[in-house]
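Chemist: this one's sequence-less:
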């Protein structure tokens with residue numbers, strides 16, 4: 001992971017310097033650098049040492065073992081280019097939250113992940129097991145710390161043209177018994 005962090009820092013610095021030299025805006029350089037860093041991260045997880053089954057237990061991206069900056073970068077990448085993560089096993093730690101879908105009336109369940117400074121929160125939806133658990137009886141209290149592990153998938157709601165992403169067949173562990181306030 002330290003190598004990835006070093007690579008990301010070097011890529012960001014290189015992009016900023018070369019972008020200025022080529023007359024590109026900072027955002028253009030940053031987007032190109034981000035794509036390169038994401039490609040590097042995905043390539044490492046595909047065939048490198050991080051994919052060792054015994055070491056990771058079949059998890060492709062274990063956000064629980066990453067630094068706060070890497071967690072934020074990975075989750076951002078999952079939102080910006082989700083197709084790169086479909087079919088991958090993701091493990092994450094965050095706060096539990098349930099939201100009621102306005103169109104469907106069904107509850108959706110989320111693991112809220114904060115960045116290193118706890119100022120920017122991203123929520124990843126998950127379906128616990130086969131989806132048969134009853135809410136709220138069989139779910140943790142809101143704001144409870146949880147660890148979720150599942151397969152990243154795309155899906156569409158009936159009557160909605162948008163594509164959404166979530167973890168399916170997720171296993172959920174309660175990290176603490178007291179909700180975080």
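Modeler: Thanks, I have it. Please read all numbers here as calculations on a predicted model, not as lab measurements. Numbering: from 1, shown residues only.
Chemist: need the pLDDT of residue 52.
Modeler: The model reports residue 52 with a pLDDT of 46.
Chemist: pretty sure residue 91 sits against residue 151.
Modeler: No: using Cβ atoms under 8 Å, residue 91 is not in contact with residue 151; the gap is 10.9 Å. From N, CA and C alone the C-beta is placed, and that goes for glycine too.
Chemist: neighbour-wise, which of these two wins?
Modeler: For residue 91 versus residue 151, the count of surrounding residues by other Cβ atoms under 10 Å is larger for residue 91: 22 against 17.
Chemist: if we ignore the residues flanking it in sequence, what's nearest residue 129?
Modeler: Distance criterion Cβ to Cβ, 6 or more residues apart in numbering; nearest residue to residue 129, sequence neighbours excluded, is residue 169 at 6.5 Å.
Chemist: where's that neighbour, which helix or strand?
Modeler: strand 164-174 (DSSP states H and E).
Chemist: partners of that strand, with directions?
Modeler: Here strand 164-174 has these sheet partners by DSSP bridges: strand 121-128 (parallel), strand 145-155 (antiparallel).
Chemist: ranking the ones you listed by mean pLDDT, which is last?
Modeler: With a mean of 94, strand 121-128 has the lowest mean pLDDT of the strands paired with strand 164-174.
Chemist: which outside residues touch that one?
Modeler: For strand 121-128, the surrounding residues in contact (Cβ atoms under 8 Å, 6 or more residues apart in numbering) are 72, 75-76, 78-79, 90, 92, 94, 97, 108-115, 139, 148, 150, 164-172.
Chemist: just the buried ones from the residues you listed, in ChimeraX syntax?
Modeler: Selection of buried members from these for ChimeraX, criterion 16 or more other Cβ atoms under 10 Å:
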select :72,75,78,90,92,94,97,108,109,110,111,112,113,114,115,139,148,150,165,166,167,168,170,172
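Chemist: for stretch 127-134, buried residues please.
Modeler: Quick answer for stretch 127-134 (16+ other Cβ under 10 Å): 127-128.
Chemist: no, scratch that, I was asking about stretch 71-89
Modeler: If you call a residue buried by 16+ other Cβ under 10 Å, then stretch 71-89 has these buried ones: 71-75, 77-78, 85, 88-89.
Chemist: so among those, where is pLDDT lowest?
Modeler: residue 72 (85).
Chemist: apart from its chain neighbours, what residue comes closest to that one?
Modeler: residue 115 (3.9 Å).
Chemist: mind showing which ranges of the protein have poor pLDDT?
Modeler: The model of the chain has pLDDT under 70 over residues 1-55, 116, 176-181.
Chemist: domains in it, as residue ranges please.
Modeler: Using automatic domain parsing, the domain parsing of the chain gives 1-51, 56-181.
Chemist: my guess is residue 133 contacts residue 109. True?
Modeler: No: between residue 133 and residue 109 there is no contact under Cβ under 8 Å: 9.0 Å.
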